[in-house]
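# No sequence on hand, only this structure:
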């Protein structure tokens with residue numbers, strides 16, 4: 001780092017110099033030599049600025065020339081063959097000679113342009129005129145050497161930490177890395193549409209959109225990126241053996257006898273799965289040494305995803321159908337039991353229809369009552385004669401009594417007043433109860449059947465389908481490595497690391513030094 005010399009400079013503005021003022025300043029010189037007055041007058045007419053005149057005075061002082069005015073300094077410098085307006089280096093220090101130190105105290109001088117500290121003698125004694133110039137040149141040479149050394153060290157560090165590692169990475173990507181082939185595919189998980197007669201609700205609000213299958217898509221993505229999928233792919237298509245081929249370079253090759261963790265790390269690098277929630281698309285890229293294997297791996301993983309999609313709703317659908325089927329079977333069993341009970345009661349009571357049986361009994365009672373009324377009418381007609389036949393009267397009375405007895409028996413059978421016999425009403429009640437129970441169980445069976453059909457429709461609606469929007473096609477050119485992009489990325493990475501380390505070291509050095 002170069003430090004500029006701290007020299008006090010005095011800037012005194014000077015107006016335009018008139019020939020009269022120049023003549024007054026050059027009066028002493030003109031008295032000594034008349035020819036010099038004409039030279040000074042010619043110099044004053046040149047239109048020199050105050051800055052140029054001050055510069056000429058400084059150059060005269062530096063060269064040990066005494067001058068009573070600025071114009072005289074210009075004249076004497078030109079007589080000595082020195083350019084009075086020359087520009088010195090900013091590093092040059094102005095040192096007066098011994099003659100300058102003897103100044104007439106009665107004469108007005110311009111302010112000094114040098115630092116008084118520099119007039120002090122050096123520790124080794126008085127310096128020879130011009131020694132400060134060689135010292136400044138030596139300092140400049142040292143500064144230039146130090147700059148060259150720092151630049152050389154900088155380029156050495158850049159070469160060691162950036163250019164050399166980048167060149168090695170480029171050599172690896174262009175010459176050593178085994179070409180890899182990538183097969184791309186896209187799959188979409190769709191939900192079955194609801195039936196036409198199904199009631200609409202909040203459950204069908206997002207049906208047909210990616211939101212309805214977002215959870216299933218994330219689950220499938222997680223499964224395809226899991227160890228289970230890797231182990232299944234290895235068992236079915238020898239994933240480890242494919243990447244253990246000796247023809248693959250050592251960096252990308254899976255070593256012999258590699259563990260499942262090593263294989264899974266390689267699986268994560270060569271099977272890349274992403275999910276786009278806005279479109280509901282699962283994108284998969286499978287990388288292998290040859291294109292046919294890459295396509296085979298991709299198709300196998302899509303098959304695993306299809307099975308996983310079916311598994312996600314299989315239990316839900318099975319539970320729905322299992323509950324509906326159990327309810328239907330239970331209703332069918334109760335219906336069978338009710339039918340058997342009804343049949344047993346019919347066999348016990350020896351009647352099939354309680355309503356028809358009751359109607360028949362009532363019809364018999366009505367018939368007997370009609371017969372009783374007829375016999376009582378005949379009896380009254382016989383008793384209305386003067387000398388009725390006792391035999392006929394008794395016969396009619398017996399017939400009426402028999403009819404009444406039959407009516408009473410029938411009513412007793414229907415009412416069940418005798419404890420030893422079961423009344424017709426009781427039998428009818430049992431039959432009606434059994435019949436109603438059977439009819440109720442039949443209705444329950446129909447309801448269970450309807451519920452089972454609804455559950456089947458709902459289970460079908462819960463089905464997820466995996467469709468391939470982009471089928472896996474084997475590439476005909478190697479996809480990786482991307483030599484130029486990877487080399488450029490390596491350069492940026494090494495540059496960033498070097499920059500961070502350099503900044504850290506600089507900050508620590510600044511902290512320690514302060």
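That came through, no problem. Small disclaimer: the values here were computed from a predicted structure and weren't measured. Numbers count the residues shown, from 1 in each chain.

# Okay, now the unreliable bits of the stretch 1-150 of the chain?
Counting by pLDDT under 70, the stretch 1-150 of the chain shows low-confidence ranges at 1-34, 86-131.

# For the lengthiest strand in the chain, which strands pair with it and how are they oriented?
Counting residues, the longest strand found in the chain (DSSP state E) is strand 181-191. Here strand 181-191 is paired, per DSSP bridges, with strand 281-288 (antiparallel), strand 464-470 (antiparallel).

# right, and the helix or strand after the last one?
Of the helices and strands lying after strand 464-470 in sequence (DSSP states H and E), the nearest is helix 483-513.

# what's that following helix packed up against?
Using 3 or more CB pairs under 8 Å, 6 or more residues apart in numbering; DSSP states H and E, the elements in contact with helix 483-513 are helix 164-171. In this view, the C-beta of every residue, glycine as well, is placed from N, C-alpha and C.

# what comes into contact with the helix it packs on?
483, 486, 487, 490, 491, 494 (CB atoms under 8 Å, 6 or more residues apart in numbering).

# what's the offset of it from the middle of its chain?
33 Å (CA atoms, centre = their mean, to the nearest Å).

# And stretch 222-229, by the same measure?
For stretch 222-229, the separation from the chain centroid amounts to 19 Å (computed by CA atoms, centre = their mean).

# what does that stretch rub up against?
By CB under 8 Å, 6+ apart, stretch 222-229 touches 260, 264, 268, 271, 273, 282, 284, 301, 304, 305, 308.

# change it to 10 Å
Residues from elsewhere that reach stretch 222-229 (CB atoms under 10 Å, 6 or more residues apart in numbering): 187, 230, 232-233, 239, 260-261, 263-264, 267-268, 271-275, 282, 284, 300-302, 304-305, 307-309, 311-312.

# So among the residues you listed, which ones count as buried?
Neighbour-count burial (16 or more other CB atoms under 10 Å) applied to those gives 187, 230, 232-233, 239, 263-264, 267, 271, 273, 275, 282, 284, 300-302, 304-305, 308-309, 312.

# Narrow the contacts of stretch 222-229 to those in helices?
Mapping the contacts of stretch 222-229 onto helices (DSSP state H) picks out 230, 232-233, 239, 260-261, 263-264, 267-268, 300-302, 304-305, 307-309, 311-312.

# picking up where we left off before, return the set of buried residues in the helix or strand following the longest strand of the chain.
Next in sequence after strand 181-191, counting helices and strands by DSSP H and E, comes helix 214-224. Burial within helix 214-224, assessed by neighbour count using 16+ other CB under 10 Å, is assigned to 216, 217, 219, 220, 221, 223, 224.

# One more: stretch 132-141?
Buried residues in stretch 132-141 (16+ other CB under 10 Å): residue 132.

# ok, now stretch 317-328?
317, 320, 324, 327, 328.

# same question, stretch 386-404
396, 399, 400, 403.

# and if you look at stretch 368-375?
Neighbour-count burial for stretch 368-375, with 16+ other CB under 10 Å as criterion, is recorded at 368, 371, 372, 375.

# tell me the mean pLDDT over it?
Averaged across stretch 368-375, the pLDDT comes to 84.

# Check stretch 225-236 too.
Stretch 225-236 shows a mean pLDDT of 94 in the predicted model.

# which of the contacts of helix 164-171 lies closest to residue 48?
Residue 48 has its nearest neighbour among the contacts of helix 164-171 in residue 491, at 59.1 Å by CB to CB.

# if I read this right, residue 80 contacts residue 62, doesn't it?
No - Residue 80 is beyond contact range of residue 62, at 11.9 Å (criterion: CB atoms under 10 Å).

# who has more neighbours, the two?
Per other CB atoms under 10 Å, whichever of residue 80 and residue 62 has more neighbours is residue 62, with 19 against 11.

# what about the more buried one, distance to residue 73?
11 Å (CB to CB, to the nearest Å).

# ok, which stretches of the stretch 51-200 of the chain are helices?
For the stretch 51-200 of the chain, helices defined by DSSP state H, counting those that start in this stretch occupy the ranges 70-79, 131-158, 164-171.

# the inter-axis angle of the last one versus helix 483-513?
Okay, so that is helix 164-171. Put simply, helix 164-171 runs at 170 degrees to helix 483-513, going by axes from the mean of the first three to the mean of the last three CA atoms, to 10 degrees.

# got the buried residues for helix 164-171?
Neighbour-count burial for helix 164-171, counted by 16+ other CB under 10 Å, picks out 165, 166, 169, 170.

# Dump these to CSV, plus pLDDT.
Output for the buried residues of helix 164-171, formatted as CSV (pLDDT from 0 to 100):
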residue, pLDDT
165, 95
166, 95
169, 94
170, 94
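
# quick check, nearest of those residues to residue 67?
Closest to residue 67, out of all of these and judged by CB to CB, is residue 166, at 65.6 Å.

# who are the neighbours in contact with the residue nearest to that closest one when sequence neighbours are not counted?
Closest residue to residue 166 apart from its sequence neighbours, by CB to CB, 6 or more residues apart in numbering: residue 491 at 4.5 Å. Contacts for residue 491 (CB under 10 Å, 6+ apart) come out as 162, 163, 165, 166, 167, 169, 170.

# Distance check, the fifth one against residue 156.
If I follow you right, that is residue 167. 15 Å.

# what does the second one give?
According to CB to CB, residue 163 and residue 156 sit 10 Å apart.

# between those two, which one's more packed in?
Taking other CB under 10 Å, residue 163 and residue 156 do not tie; residue 163 has more neighbours (14 against 10).

# Now do the end-to-end distance for stretch 346-364.
Length of stretch 346-364, first residue to last, CA to CA, to the nearest Å: 22 Å.

# Same check on stretch 232-251?
25 Å.

# Would you indicate which residues of it are buried?
Here stretch 232-251 shows 232, 233, 234, 237, 239, 240, 242, 243, 244, 248 as buried, counting by 16+ other CB under 10 Å.

# got a list of what the second one touches?
Spelled out, that is residue 233. Listed by CB under 10 Å, 6+ apart, the contact set of residue 233 reads 224, 239-240, 242, 263, 267, 271, 286, 296-297, 300-301, 304.

# Start and end of stretch 260-279, how far apart?
Start-to-end, stretch 260-279 (CA to CA) is 34 Å.

# Return the distance of that stretch from the chain's centre.
15 Å.

# just stretch 498-514 next, same as before
How far stretch 498-514 lies from its chain's middle: 36 Å, per CA atoms, centre = their mean.

# Give me the residues contacting that stretch.
154, 157, 158, 160, 161, 162, 165.

# Report the rounded mean pLDDT for that stretch.
Model confidence over stretch 498-514, given as mean pLDDT, is 88.

# returning to that earlier point: for PyMOL, write the select line for the buried members of the contacts of stretch 498-514.
Selection of the buried residues among these in PyMOL, burial being defined by 16+ other CB under 10 Å:
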select buried, resi 161+162+165
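
# Switch the contacts of stretch 498-514 over to JSON lines; also include distance to residue 476.
Listed next are these as JSON lines, based on distance: CB to CB, whole Å:
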{"residue": "154", "distance to residue 476": "47"}
{"residue": "157", "distance to residue 476": "45"}
{"residue": "158", "distance to residue 476": "41"}
{"residue": "160", "distance to residue 476": "41"}
{"residue": "161", "distance to residue 476": "40"}
{"residue": "162", "distance to residue 476": "37"}
{"residue": "165", "distance to residue 476": "33"}
